[in-house]
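Q: Below are the sequence and a predicted model for it; my questions follow.
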Amino acid sequence: MQYISTRGDAPALGFRDALLAGLARDGGLYLPETWPQLSKKEIRHLRGKSYQDVAFAVLSHFTGDEIPADALKSMIDEAYATFRHPAIAPLVQVGPNDYVLELFHGTTLAFKDVAMQLLARLMDYVLAERGERATIVGATSGDTGGAAIDAFAGRERTDVFILFPHGKVSPVQQRQMTTSGHANVHAVAVHGNFDDCQDLVKAMFNDVAFRESVKLSGVNSINWARIMAQVVYYFTSAISLGAPDRKVSFTVPTGNFGDIFAGYVAKRMGLPIDRLVIATNDNDILARTLKTGRYEMKPVVATTSPSMDIQISSNFERLLFESYGRDSAAVRSAMSGLRQSGAFEIQPEALKAIRREFKAGRATQKQVAETIRATLAETGYLLDPHTATGIFVASKNAKGTSPMVTLATAHPAKFQAAVESACGIHPALPSWMGDLMSREEHFDLLEPELKAVEAFISQHARAKA
Ligand SMILES: Cc1ncc(COP(=O)(O)O)c(C=O)c1O
Ligand SMILES: N[C@@H](CCOP(=O)(O)O)C(=O)O
């Protein structure tokens, strides 16, 4: 399996190189040259199998012969042994045809753990095989950072630098990043928002001299391996609801478009997905884009679902590439429009293709709070504000026959203030992380200036060219 860049100007890479590269050298994002196919018969065969077995069946199509089967199996087993629920991603029924897919049973209580625990092991494996080290840089609006720090903490071959927007993550998210205590982990608060942090990460990748000097690698969903690992739970949940002999719909709280793009990939691979619904908070660039055909940035507003306070939705570039029939020149032109004027128009045929695959909706903060309160009152189920965004939008986009699964992307205890203000209940952290808020914090505070951030990383990174 070869991986190609959305911008068409970087060499195609095998799985291991794409994994370590993160972002392609032309600034594009890697995806597989062709979509692997699972027949109905093969999907049926996965019924009753464990999460780990389904993960192997799906992921081995992407890793091919670059990761031996035994090694992949052990990495999958180790990664999901860190989860606190035997099903890894259990499905909970909250209405006659409505389900919540709980993706928050990992070590940092968010869906990011599902991919990150595997990604860390895959990177370690490839680096060890090559006798190399890497410097991992990530941007976070709160959850990716904690998950990456947990998954990479103490690993010999990697140093991890996580940029987070100062004062804009929840107290639990901040502590998960700042209390690790491991020497290879660096939490860096940046005066700015998530988009500033993500811009810095992309700029570091595009600075070839810097990239090579510290052997840069990335763990945001720009890295194909993140998306790949997230495809698995679309299969496990749809199969448990009757796929491939029944279509299933999904609503996904969306920011960087990685999680829902994984759903699109599952569909391309043969999973019968009916609707894929994008749910946004007040930062509704994706909902506006589907409505108007114009992708246009507006200033980010702070909401009660801070992890989705994003305007530049990185993985939308992967969808554009697909919708333009994999025409990388059209993607390059859209991305240069975005850089120059903060906007681009989607050509009519591509827009039609996107609208065929996706629906979209927005939930205001008031609607999110009301959804948390009403869902608790009616079903006894406590939602976090990101999942509540999904549940609200799902309720407007459900389609009679197919079950609607909303992805529960975070545990309510990560957003205690918002949940308490919505319904009066203060969600407690699980007892195994009860001391989180009393651990000592360590982090650095930097301005959003490329050279200053690069200098900081060069000074602390152990990987050198
Ligand atoms: C809790 C939570 N929900 C939803 C999202 C959106 O996911 P994505 O960026 O993959 O669209 C994020 C992060 O982006 C998140 O942390
Ligand atoms: N919500 C994310 C933002 C980064 O998304 P990623 O999936 O590209 O890593 C976060 O919590 O950091």
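A: Done, it's in. Ligands and ions are numbered 1, 2, ... in the order given.

Q: hey, let's count contacts and neighbours off CA atoms from now on
A: Fine.

Q: Please name every helix or strand in contact with the host helix or strand of Ser333.
A: Using DSSP states H and E, Ser333 sits within helix 328-341. Counting by 3 or more Cα pairs under 8 Å, 6 or more residues apart in numbering; DSSP states H and E, the packing neighbours recorded for helix 328-341 are helix 316-323, strand 343-345.

Q: quick check: angle from that helix to helix 316-323?
A: Per axes from the mean of the first three to the mean of the last three Cα atoms, to 10 degrees, the angle that helix 328-341 makes with helix 316-323 is 140 degrees.

Q: for helix 328-341, which positions count as buried?
A: Burial within helix 328-341, assessed by neighbour count using 16 or more other Cα atoms under 10 Å, is assigned to Ser328, Ala330, Val331, Arg332, Ala334, Met335, Leu338.

Q: quick check: longest helix of this structure.
A: Taking residue count as the measure and DSSP state H as the definition, the longest helix of the chain comes out as helix 112-130.

Q: elements contacting it?
A: Other elements packing on helix 112-130 under the criterion 3+ Cα pairs under 8 Å, 6+ apart are helix 15-21, helix 69-81, helix 143-152, helix 224-240.

Q: for the record, mean pLDDT for the first one?
A: Yep, that's helix 15-21 we're talking about. Across helix 15-21, the average pLDDT comes to 97.

Q: ok, now stretch 377-393?
A: Regarding stretch 377-393, the rounded mean pLDDT is 98.

Q: Ok, stretch 43-61 next?
A: Rounded to a whole number, the mean pLDDT of stretch 43-61 is 98.

Q: what's in contact with that stretch?
A: When contacts are taken as Cα atoms under 8 Å, 6 or more residues apart in numbering, the neighbours of stretch 43-61 outside the stretch itself are 36, 69, 72-73, 76-77, 80, 87-89, 228-229, 231-233, 235-236, 239-240, 243-244, 271.

Q: do the same with stretch 419-435
A: Contacts to stretch 419-435, defined as Cα under 8 Å, 6+ apart, come from residues 369-370, 372-373, 376, 383-385, 412-414, 416-417.

Q: how about it, does it reach ligand 1?
A: No. Interface with ligand 1: stretch 419-435 contributes nothing (Cα under 6 Å from any ligand atom), its closest point being 13.3 Å away.

Q: re earlier: kindly export the helix holding Ser333 (C-alpha atoms) in PDB.
A: The C-alpha trace of helix 328-341 is given here as PDB (Å, rounded to 0.1, in the frame of the first residue of the first chain):
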ATOM      1  CA  SER A 328      -4.300  17.700  -6.500                       C
ATOM      2  CA  ALA A 329      -4.000  20.900  -8.600                       C
ATOM      3  CA  ALA A 330      -7.600  21.800  -7.500                       C
ATOM      4  CA  VAL A 331      -6.600  21.200  -3.900                       C
ATOM      5  CA  ARG A 332      -3.500  23.300  -4.200                       C
ATOM      6  CA  SER A 333      -5.500  26.100  -5.600                       C
ATOM      7  CA  ALA A 334      -8.100  26.000  -2.800                       C
ATOM      8  CA  MET A 335      -5.400  25.900  -0.200                       C
ATOM      9  CA  SER A 336      -3.600  28.800  -1.700                       C
ATOM     10  CA  GLY A 337      -6.900  30.800  -1.700                       C
ATOM     11  CA  LEU A 338      -7.300  29.900   2.000                       C
ATOM     12  CA  ARG A 339      -3.800  31.100   2.800                       C
ATOM     13  CA  GLN A 340      -4.200  34.400   0.800                       C
ATOM     14  CA  SER A 341      -7.700  35.500   1.600                       C
END
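
Q: Figure out how far that helix is from the centre of its chain.
A: Centre-to-centre, helix 328-341 and its host chain are 23 Å apart (Cα atoms, centre = their mean, to the nearest Å).

Q: quick one on the thing from earlier: what subset of the contacts of stretch 43-61 is buried?
A: With neighbours counted by 16+ other Cα under 10 Å, those contain buried members at 72-73, 76-77, 80, 88-89, 228-229, 231-233, 235-236, 239, 243-244, 271.

Q: Show me which of the contacts of stretch 419-435 are buried.
A: Burial by neighbour count, judged by 16+ other Cα under 10 Å, picks out Ala369, Glu370, Ile372, Arg373, Leu383, Asp384, Pro385, Pro412, Ala413, Lys414, Gln416, Ala417 from those.

Q: At the contact with ligand 1, which residues of the stretch 101-250 of the chain appear?
A: Those residues of the stretch 101-250 of the chain that sit near ligand 1, judged by Cα under 6 Å from any ligand atom, are Ala110, Asp143.

Q: Show me which residues of the stretch 101-250 of the chain sit near ligand 2.
A: Thr140, Ser141, Gly142, Asp143, Thr144, Gly145, Asn220, Ser221.

Q: May I ask which two of those residues are separated the most?
A: Using Cα to Cα, those reach their maximum pairwise distance at Gly142 and Ser221, which is 13.9 Å.

Q: sorry, back to before: out of the contacts of stretch 419-435, which comes closest to ligand 2?
A: Nearest to ligand 2 among the contacts of stretch 419-435, counting by Cα to the nearest ligand atom, is Lys414 at 11.4 Å.
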